[in-house]
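*Asks:* sequence unknown, structure follows:
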């Protein structure tokens, strides 16, 4: 679910391609690194949130 939400928010129809189109950039080629980085950041944040829950109890 996390990856799907991120792909929809940032992916092919999301905000990054719209911004890149206005800047005359290649929207399709440069979207994938943003999606990958966003999924990684969300995953690490979720990992640390769960670890914090376990360490507090």
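*Replies:* That came through fine. Values in this document were obtained by computation on a predicted structure and should not be read as measured data.
*Asks:* okay, and the helix or strand of the chain with the least pLDDT?
*Replies:* Lowest mean confidence among the helices and strands of the chain (mean pLDDT, DSSP states H and E): helix 2-10, at a mean of 58.
*Asks:* by contact count, what packs against the longest helix along the chain?
*Replies:* Taking DSSP state H as the assignment, the helix of the chain that covers the most residues is helix 27-56. The criterion is 3 or more Cβ pairs under 8 Å, 6 or more residues apart in numbering; DSSP states H and E, and the helices and strands that helix 27-56 contacts are helix 2-10, helix 15-22. In short, each C-beta sits where N, CA and C put it, glycine included.
*Asks:* just for the chain, where's the confidence low?
*Replies:* Across the chain, the stretches falling below the confidence threshold (pLDDT under 70) are 1-18, 25-31.
*Asks:* do that again at 80, thanks
*Replies:* For the chain, applying pLDDT under 80 flags the ranges 1-35, 57.
*Asks:* in stretch 37-54, which residues are buried?
*Replies:* 38-39 (16 or more other Cβ atoms under 10 Å).
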